[in-house]
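In: Based on what follows, work out the 3D shape:
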Amino acid sequence: MPTSSDSAWASKANTLDTAARAAMARWTGGLSPAAGLLAWTDWASHLACAPGKQAELASLAFRQAAQLGRYLLPVTAAQAPDAPAARDRRYAGEGWRQWPYNLWSEGFLAAQQWWEQATQGVPGVDPHHAQLAAFAARQWLDLMSPGNQIAGNPEVMRQTWQEGGANLLRGAAHAWEDAMRALANQPPAGAGDYIPGKQVAVTPGKVVWRNRLMELLQYSPATPTVRPEPVLIVPAWIMKYYILDLSPHNSLIAYLVRQGHTVFCISWKNPGAQDRELGMDDYLALGIGEALDAIAAIVPDTRVHAAGYCLGGTLLTIAASAMARDGDTRLASLSLLAAQTDFSEPGELALFIDESQVSLLEAQMARTGYLTSRQMAGAFQMLRSYDLLWSRMINEYLLGRRAPMSDLMAWNADATRMPARMHGQYLRQLFLHNDLAANRYRVDGRPVMLRDLRLPLFCVGTENDHVAPWRSVFKLHGLTPAPLDFVLTSGGHNAGIVSEPGHPRRRYRSLARPAGGPTLTPDEWLQAAPAHDGSWWPAWTSWLAGLSGKPRKPPALGAPRQGYPVLADAPGAYVLEKEE
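Out: Sure, this is the predicted structure:
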């Protein structure tokens with residue numbers, strides 16, 4: 001039997017292992033070298049034993065070499081062959097049809113195509129390892145893209161010639177400024193023009209409740225009468241809430257208020273090391289639970305339309321399922337905006353989530369008490385390296401064109417941390433084990449089941465979502481028999497949700513499934529759902545109105561006699577807390 005001495009040694013060994021993994025995480029930026037090595041070894045060893053795949057790749061290389069031969073000799077743009085590179089937005093400019101740029105771009109795309117084929121369909125390779133190998137190949141290839149080099153980019157060379165190199169001097173100044181701001185932990189240039197409470201997050205309202213985890217904001221009415229059922233918005237704790245209350249013209253919260261709704265919104269605290277033990281149960285109880293208690297006191301005897309965005313939607317779904325299990329009927333409807341409930345196919349973020357990676361993150365968070373926003377930003381940059389990294393470097397550092405700051409860009413730079421315990425639970429229970437969809441997720445010691453949901457559901461997915469792919473969001477159809485209106489809107493995870501009426505080139509598809517109705521596949525849904533031009537916001541508020549009572553006099557702000565006095569003006573104090 002194990003002795004107390006054995007337990008002491010095991011504890012010391014675990015402490016030492018945790019410290020070693022935390023030290024490794026500091027050197028690797030939080031990425032697990034073991035995960036990468038396992039993926040590479042799995043792929044390479046299986047490819048070495050696959051002569052058929054090797055022959056296929058050799059044949060592809062010979063065909064590509066023959067095609068590239070057309071670009072070996074200098075020709076005029078009019079004589080140049082039709083280049084596949086022109087169909088790639090990175091090489092769509094006229095300069096890429098000139099020699100030798102057409103040769104370089106075509107050579108790069110040929111290498112990219114070869115590696116895509118090399119990392120796919122190798123017999124015996126674990127699918128996750130194959131995806132990691134393909135991802136690593138893309139990252140290394142992007143480093144060598146001719147468009148990212150001064151001499152390899154015709155637009156940069158032309159600009160440099162025309163300006164006598166002034167663009168490179170401006171770019172160097174931009175790079176120096178960005179580096180100094182990063183070292184000083186300051187926001188990007190121009191972000192100071194979008195301060196919460198001044199230029200953004202300016203919808204009038206009050207803080208009516210505060211605890212160690214969140215502030216509850218209640219917004220002032222903008223209409224003589226309001227719908228009796230208030231709207232509670234639960235944003236993700238990975239971001240600050242004012243993505244939904246940006247500038248006055250594109251604020252979803254302001255839009256809801258103008259449509260005659262009483263709106264409440266949770267503003268999560270930016271956690272520090274002292275909050276390391278806050279877990280998912282705390283976010284349920286101190287966040288959603290206490291918010292609903294406050295709303296019941298301020299707007300008594302009525303049910304609540306609850307809406308959750310991103311991880312906030314996942315948390316809200318857990319809360320709603322637990323309430324349904326326990327017979328709590330305070331919710332009138334549930335709206336989920338780019339929120340996943342089934343994590344069996346979570347998209348490209350799964351590249352960074354496996355046992356090795358989560359173990360490394362847990363060790364690092366055990367040292368700091370939280371996950372830094374820079375780590376999350378780095379992961380997203382790698383997933384969309386051209387959009388978020390290389391295109392910016394080309395424009396700002398090589399062409400010398402500083403992109404103007406926008407409210408959405410400034411918000412994106414105003415990131416938050418995540419408590420160690422909560423983030424570890426979230427990664428393991430949802431991403432790794434998919435406990436919610438499998439009916440294993442426990443609240444108050446008992447499992448919750450999405451099939452217990454019977455209230456009306458409104459679910460929004462976005463076409464180009466790298467965080468919550470719409471086909472993953474769509475899986476909610478198979479988890480609950482509740483009536484479900486599903487909307488697929490143009491745009492990405494953020495811009496697709498911030499899609500105000502009048503925004504150019506916006507469109508969406510929408511189709512409702514009745515309670516207990518048949519579940520379509522995503523492709524069947526695409527064929528059946530009618531397309532609409534414009535913003536999905538009016539469709540949502542029309543849906544809410546159909547589930548609401550007749551308008552009446554707005555409620556007061558706060559309820560001092562019930563213990564919910566007005567504490568401060570919106571946007572409150574928590575949203576102003578910065579990363580240390």
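In: Leu336 sits in which helix or strand?
Out: Using DSSP states H and E, Leu336 sits within strand 331-337.
In: So which elements touch the helix or strand that comes right after that strand?
Out: Using DSSP H and E, the helix or strand that follows strand 331-337 in sequence is helix 355-368. With contacts defined as 3 or more Cβ pairs under 8 Å, 6 or more residues apart in numbering; DSSP states H and E, helix 355-368 has these neighbours: helix 4-28, helix 33-48, strand 370-371, helix 420-425. Glycine gets a C-beta too; all of them are placed from N, C-alpha and C.
In: Compare these and say which comes out lowest on pLDDT.
Out: Note on those: lowest mean pLDDT is at helix 4-28, with a mean of 63.
In: quick one, phi psi at the residue nearest the centre of the chain?
Out: What sits nearest the mean C-alpha location of the chain, by Cα atoms, centre = their mean, is Val467, with 3.9 Å. With angles defined as degrees, to the nearest 10, Val467 sits at phi -100, psi -50.
In: which non-adjacent residue is nearest it?
Out: Distance criterion Cβ to Cβ, 6 or more residues apart in numbering; nearest residue to Val467, sequence neighbours excluded, is His493 at 4.3 Å.
In: now do Leu169
Out: In space, Leu169 is closest to Gly400, 7.4 Å off (Cβ to Cβ, 6+ apart).
In: Pull the number of nearby residues for Gly69.
Out: For Gly69, the neighbour count with other Cβ atoms under 10 Å is 10.
In: what kind of secondary structure is it in?
Out: Secondary structure, DSSP: H, G, I helix; E, B strand; the rest coil: Gly69 is helix.
In: quick one: Gln274 and Gly369 touch, right?
Out: Yes - at 7.2 Å, Gln274 counts as touching Gly369 under the criterion of Cβ atoms under 8 Å.
In: Under the pLDDT cut-off, which ranges of this protein? List them.
Out: By pLDDT under 70, the low-scoring segments of the chain are 1-15, 17-18, 21-30, 74-87, 373-388, 579-580.
In: related to what we said a few turns ago, show me what the strand holding Leu336 packs onto, helices and strands only.
Out: strand 304-309, helix 311-326, strand 457-462, helix 537-546.
In: Please repeat the previous calculation with a cut-off of 10 Å.
Out: strand 231-234, strand 304-309, helix 311-326, strand 457-462, strand 484-489, helix 537-546 (3 or more Cβ pairs under 10 Å, 6 or more residues apart in numbering; DSSP states H and E).
In: ok so, going back, between Gln274 and Gly369, what contacts are shared?
Out: Both Gln274 and Gly369 are contacted by Pro419, under the criterion Cβ atoms under 10 Å, 6 or more residues apart in numbering.
In: of those two, who's got more company?
Out: Gly369 (18 against 11).
In: which phi and psi does that one have?
Out: phi 90, psi 0.
In: so it touches Met422, yeah?
Out: No - with contact defined as Cβ atoms under 10 Å, Gly369 and Met422 do not form a contacting pair (11.1 Å).
In: and for these two, which residues touch both?
Out: Pro271, Asp275, Arg276, Glu277, Leu278.
In: For the second one, grab phi and psi.
Out: Recorded main-chain torsions at Asp275 are phi -100, psi 20, according to degrees, to the nearest 10.
In: I'd like to check which residues are in contact with it.
Out: Each residue near Asp275 by Cβ under 10 Å, 6+ apart is listed here: Arg212, Leu213, Lys269, Asp282, Gly369, Tyr370, Arg417, Met418, Pro419, Ala420, Arg421, Met422.
In: ends of stretch 474-490, how far apart?
Out: 15 Å (Cα to Cα, to the nearest Å).
In: chain center to that stretch: distance?
Out: Put simply, stretch 474-490 sits 19 Å off its chain's centre (Cα atoms, centre = their mean, to the nearest Å).
In: What residues of that stretch count as buried?
Out: By 16 or more other Cβ atoms under 10 Å, the buried positions in stretch 474-490 come out as 474-477, 479-490.
In: And stretch 521-533, by the same measure?
Out: For stretch 521-533, using 16+ other Cβ under 10 Å, the buried residues are Pro522, Trp525, Leu526, Ala529, His532.
In: Ok, stretch 170-183 next?
Out: For stretch 170-183, burial by neighbour count (16+ other Cβ under 10 Å) applies to Arg170, Gly171, His174, Asp178.
In: So which of these belong to helices?
Out: Arg170, Gly171, His174, Asp178 (DSSP state H).
In: wait, which of those residues is closest to Gly93?
Out: Gly171 (18.4 Å; Cβ to Cβ).
In: measure the closest one to Ile150 for me?
Out: Gly171 sits at a distance of 10 Å from Ile150 (criterion: Cβ to Cβ, to the nearest Å).
In: Mutual contacts of the two, please.
Out: Shared contacts of Gly171 and Ile150, counting by Cβ under 10 Å, 6+ apart, come down to Val156, Thr160, Ile394, Tyr397, Leu398.
In: before we move on, the earlier item: from the buried residues of stretch 521-533, which ones fall inside helices?
Out: Pro522, Trp525, Leu526.
In: Quick one: residues contacting the last one.
Out: When you say that, I think you mean Leu526. Contacts of Leu526 (Cβ under 10 Å, 6+ apart): Trp470, Arg471, Phe474, Leu488, Arg509, Leu511, Leu520.
In: again, but for the first one
Out: For Pro522, the set of contacting residues under the criterion of Cβ under 10 Å, 6+ apart consists of Gly461, Trp470, Arg471, Ser472, Val473, Phe474, Lys475, His477, Phe486, Leu488.
In: Just flag the most distant two among those residues.
Out: Lys475 and Leu488 (13.6 Å).
In: re the thing from before, could I get the buried residues of stretch 521-533 as a markdown table with distance to Pro123?
Out: Conversion of the buried residues of stretch 521-533 to a markdown table gives the following (distance: Cβ to Cβ, whole Å):
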| residue | distance to Pro123 |
| --- | --- |
| Pro522 | 28 |
| Trp525 | 33 |
| Leu526 | 32 |
| Ala529 | 38 |
| His532 | 45 |
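In: and of those residues, the nearest to Arg70?
Out: Leu526 (38.2 Å).
In: State the distance from that closest one to His532.
Out: Leu526 is 14 Å from His532, by Cβ to Cβ.
In: Now do the shared contacts for the two.
Out: Joint contacts of Leu526 and His532 (Cβ under 10 Å, 6+ apart) are Arg509.
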